[in-house]
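> give me the fold of what follows.
(chains A, B and C)
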Amino acid sequence: MVKALEVKSVSKEYYTRKNVVKAVGNLSFVLNEGSVMGFLGPNGAGKTTTMKMILGLDSPTKGAIKIFNQPAGSTLAAKYIGYLPENPLFYRYLSGLEMVIMHGQLMGLNYRQAKKEAAHLLKSVGLDKAMNQSIREYSKGMVQRAGLAQALIGSPSILLLDEPFSGLDVLGRYEMKKVLLDLKQQGKTILFNSHILSEVEEICDEVGIIDQGKLLIKDKIVKLLKPKQSLENYFVSVIESERSKKC
Amino acid sequence: MSSKMKIVFNLSVVVLSFIGVYYLQFNFDQLRIKHIKSFKISTNELLEPAIPSEDSIKKLTFGQNTLIADLLWLQTIQYYGSGDPYGKYRQLPKLINAITTIDPKFTYPYSFAGLILPNEGFVDEALEILSNGEQNLPQNWEIPYSKGTILYINKKDYKSAAASYSNASNKPGAPDKTKFLSAVQYDRGENYQTAMQIFQNLADKSDNQYFKDRAKLFVDHYLLLDSLEKVCKTFKDKEGRYPRTLNELVQKKVVNEIPADPLGREIKYDSGTGKVNANLEKK
Amino acid sequence: MLNSIRVIALNTYKESIRDRILLVLVVFSILLFGASLFLGSISLDQDSKIIIDMGFFGIFFFGVIITIFLGSSAVSKEIEQKTAYPVLARPIRRSWYLTGKFFGIAMTLFVLTLFMSLIFIVLVGLRTGWSNIDIALTLALFYTYLEFCVLSSLMLLFSSFSSAVMSAIYGIAFFLIGHSTPTIVSLIQTAPKFIRNVFLGIYYIFPNFEKFNLRNDAVYHIKPYTGEVFFTVGYALLYCFILLFLANLAFKKQEL
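Okay, here's the model as predicted:
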């Protein structure tokens, strides 16, 4: 089994004027190639911080992260990654097509290849009419979809999606789910944060539950849920029991 | 309220408010004028431009020297042109000084200073500004020319005026009038040698017919006085004394007649020294 | 590497040049040209000088505002609004990103300065005679563009460690200091030795923007010495490099 993502004993501490804030503490997990993992947790648990460290935007205080055996943050690791941020804001005056082409070029494609692939991707997320309009004019859902196209260009092996369903209406969520399941079929590795547990349950093989910087559980969904138990129930029970332990 | 009434209502609110604004502003202005009248100073005095000192202004330009000089220049024009009822224009020299300090090569203010400042009673200030101009624009003939005029008319300092005009005439592009006027001032200052040289030069070489002719008249004038003096000397050598009057020369048939002065001046004769001159009356 | 820099530069340029705010500023500059025509007519025949002086000032002043705006928002706004995240997640080094940003801004400034300059040149030529368009005037415009480049690399430096608003404030402060050379020099004369050395230090370290100011001479058709041009261009290039180098050091360590 190829290890797509390896997080080893990662901690992240922020220093404020008064004290030290531990955003993430001693986090470790492995994501194998081809798996789809949902990263769950209450707000402020450390999901986005972890994702930023995987992307190399922040560096861990302790520990190491590897993507397909390349250190996180290096240009070699970045070649494997496609990233969709939460509530993305892209260059407002570029058109959707121009933006995705730019990302394609940054992934190493030449202009023609990038343009071809970008047009194709934007069509597949339903933006084929709007791709030449400036992003300024896009609705929230359209921006989200353009963001997905941008994350997919260059055929990255691992996708990191931060709240991919936010801003999408019912139809949009359905489309996004279809795309993700499609990608899963193609053998891509996906890690995403989400609050919409019903979608997570449908798409993911594994879940990781994180609270207050600590990884509480990480395992295959089938193993964790009792029969007829929803992921939501399970999640709430885990968090509550962890918090009651502290009191 | 129906939508039409709403429009009328909103419009009335806006219009009435602006009428109120107009009323307040108008009365504010009226009060201002009343108060100024009671202080007994002109609006210009209230609004006189406050110019920082030479030192400070050099530091405040942040490199935009020519532009700030332009703005000060426009201000100068407005200030002078607005007609100060007290006729003092106290800030005028300071304004022009500020302009020429930060933009020394700006030529027009120097000419302006030379023309206008003496009329408003700022003769020494004008001369100082023009002297700075001579340093900053050494190739400019108009500045020493202007200076010469002020020295002549306002200061009656003929020697300095002559020197200034002469200085002007040496600059590139200086017209013949600078030479001519320098000679005229030398003449007034009784430096006849120099005057004669310059007039002779003009009479021979000038391209300007007017000055050529006038210069010739001066040359003839000096030649006349010179020859009269020589005749008197010869008379003294023969008779042992100078003639009592110039007419005696005619009476004794030494000369046929005493010619009229080419410049139309009165020829004066001192029988004690035998000197002939035709100085203009010193006023 | 060069490819990534080029891509970022081009897209930064496209994004900046389409920004409406820049259009407004350029329009204001042209309005200033118009005002100079009016003021020239009431200047007692000094219209040549006034049109040239005010025209220069318009290009300079609005160019500086555009530079500060572009430079301060280029990096800090993108980080604050998280627009930069997907870009930085790509296989590029942070230094390429910064360099690309710089060239993108420099390109934008070049196009805008060129546009304003052409209007200025046509105006001056038509109203005051084409003989006024000489080497001195063109060099003055070129030097102004050099100043914009140095200022924008300064803005990028600030932008890489502080917020957009603070970068703008620092930029304005450094800009004013950089133009205060005559003040500093005169203060040097009269102060005691220790303070004199401090001010001398300030003079040499802070970017001396006054050396890019040929406008006072250009209006009198005075050219700089040929050798001087090399020193000035070299100063600009070296300074841009230093500031971008420092910006890169600051940005590398930045937690996003």
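> so for the lowest-mean-pLDDT helix or strand in chain A, what gets flagged as buried?
Within chain A, no helix or strand scores below helix A:221-224, which has a mean of 78 by mean pLDDT, DSSP states H and E. Neighbour-count burial for helix A:221-224 flags A:Ile221, A:Leu224 (criterion: 16 or more other CB atoms under 10 Å in any protein chain shown). Where you see a C-beta, it was placed from the backbone N, CA and C, and this is true even at glycine.
> what about the strands in chain A?
Using DSSP state E, the strands found in chain A span residues A:3-15, A:20-32, A:36-40, A:62-67, A:70-71, A:81-84, A:158-162, A:189-193, A:206-211, A:214-220.
> how about the residue minimising distance to the centre of chain A: which residues does it bridge to?
Nearest to the mean C-alpha position of chain A, counting by CA atoms, centre = their mean, stands A:Leu161 at 2.1 Å. Beta-bridge partners for A:Leu161, by DSSP bridges, are A:Leu84, A:Phe192.
> that one is in contact with A:Ile190, isn't it?
Yes - using CB atoms under 8 Å, A:Leu161 is in contact with A:Ile190, at 6.9 Å.
> in CSV: the strands of chain A, plus mean pLDDT.
As requested, those are arranged in CSV below (pLDDT from 0 to 100):
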stretch, mean pLDDT
strand A:3-15, 88
strand A:20-32, 87
strand A:36-40, 90
strand A:62-67, 92
strand A:70-71, 92
strand A:81-84, 94
strand A:158-162, 93
strand A:189-193, 91
strand A:206-211, 88
strand A:214-220, 80
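> what are the phi and psi angles of whatever residue of the stretch 101-250 of chain B ends up closest to chain C?
Nearest to chain C in the stretch 101-250 of chain B, going by CB to the nearest CB, is B:Lys105, at a distance of 5.2 Å. As for B:Lys105, its main-chain torsions (degrees, to the nearest 10) stand at phi -90, psi 0.
> B:Ile51 too?
phi -100, psi 130.
> so what's it scoring on pLDDT?
On the pLDDT scale, B:Ile51 is placed at 81.
> what is the burial count for it?
18 (other CB atoms under 10 Å in any protein chain shown).
> redo the strands of chain A as JSON lines? Include distance to A:Lys140.
As requested, the strands of chain A are arranged in JSON lines below (distance: least, CB to CB, whole Å):
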{"stretch": "strand A:3-15", "distance to A:Lys140": "29"}
{"stretch": "strand A:20-32", "distance to A:Lys140": "28"}
{"stretch": "strand A:36-40", "distance to A:Lys140": "22"}
{"stretch": "strand A:62-67", "distance to A:Lys140": "30"}
{"stretch": "strand A:70-71", "distance to A:Lys140": "34"}
{"stretch": "strand A:81-84", "distance to A:Lys140": "14"}
{"stretch": "strand A:158-162", "distance to A:Lys140": "15"}
{"stretch": "strand A:189-193", "distance to A:Lys140": "18"}
{"stretch": "strand A:206-211", "distance to A:Lys140": "26"}
{"stretch": "strand A:214-220", "distance to A:Lys140": "31"}
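> which one of those lies closest to B:Gln185?
Evaluated over the strands of chain A, closeness to B:Gln185 peaks at strand A:3-15, with 84.6 Å, by CB to CB.
> which parts of that closest one are buried?
A:Ala4, A:Leu5, A:Glu6, A:Val7, A:Val10, A:Lys12.
> what sits closest to the second one if chain neighbours are left out?
Once its chain neighbours are removed from consideration, A:Leu5 has its nearest residue in A:Leu31; the separation is 4.0 Å (CB to CB, 6 or more residues apart in numbering or on different chains).
> picking that back up, give me the distance between the closest residue to the residue of the stretch 101-250 of chain B closest to chain C other than its chain neighbours and C:Ile169.
Excluding its sequence neighbours, the residue lying closest to B:Lys105 (CB to CB, 6+ apart) is C:Tyr220, at 5.2 Å. Here C:Tyr220 is placed at a distance of 35 Å from C:Ile169 (CB to CB, to the nearest Å).
> ok, B:Gly272 - contacts?
Residues in contact with B:Gly272 (CB atoms under 8 Å, 6 or more residues apart in numbering or on different chains) are B:Tyr242.
> against C:Val185, how distant is it?
66 Å.
> residues in contact with the residue nearest to A:Thr61 when sequence neighbours are not counted?
Leaving aside its sequence neighbours, A:Thr61 sits nearest to A:Glu13 (CB to CB, 6+ apart; 4.7 Å). By CB under 8 Å, 6+ apart, the contact set of A:Glu13 is A:Val20, A:Val21, A:Lys22, A:Ala23, A:Thr61.
> domain boundaries for chain B, per the record?
B:42-138, B:221-282 (automatic domain parsing).
> run through chain A and note the low-pLDDT ranges.
A:247 (pLDDT under 70).
> near chain C, which residues of it?
A:52, A:55-58, A:75-76, A:78-79, A:81, A:83-85, A:87-94, A:98, A:102-103, A:105-108, A:134, A:147, A:150-151 (CB under 8 Å from any CB of the partner chain).
> sort out for me which of these are in helices.
If you go by DSSP state H, the residues of chain A next to chain C have A:52, A:55, A:75-76, A:78, A:98, A:102-103, A:105-106, A:147, A:150-151 in helices.
> state the pair within those that is farthest apart.
So for these, where distance means CB to CB, the most widely separated pair is A:Leu76 and A:Glu98, at 26.9 Å.
> all strands of the stretch 101-250 of chain B, in order?
Assigned by DSSP state E, counting those that start in this stretch, the strands in the stretch 101-250 of chain B number zero.
> can you pull out the helices in it?
Using DSSP state H, counting those that start in this stretch, the helices of the stretch 101-250 of chain B run over B:108-116, B:123-136, B:142-153, B:158-169, B:176-188, B:192-205, B:209-239, B:247-251.
> again, but for chain C
C:2-17, C:20-41, C:47-72, C:78-80, C:84-88, C:94-128, C:135-159, C:164-178, C:181-190, C:193-205, C:215-218, C:226-252.
> quick one, longest helix in chain B?
helix B:3-39.
> okay, buried residues for that one please.
So helix B:3-39, judged by 16+ other CB under 10 Å, has zero buried residues.
> quick one: end-to-end length of stretch A:52-63, please.
For stretch A:52-63, the first-to-last residue distance is 14 Å (CA to CA, to the nearest Å).
> got the buried residues for it?
Neighbour-count burial for stretch A:52-63 [16+ other CB under 10 Å]: A:Lys52, A:Met53, A:Ile54, A:Leu55, A:Gly56, A:Leu57, A:Asp58, A:Pro60, A:Thr61, A:Gly63.
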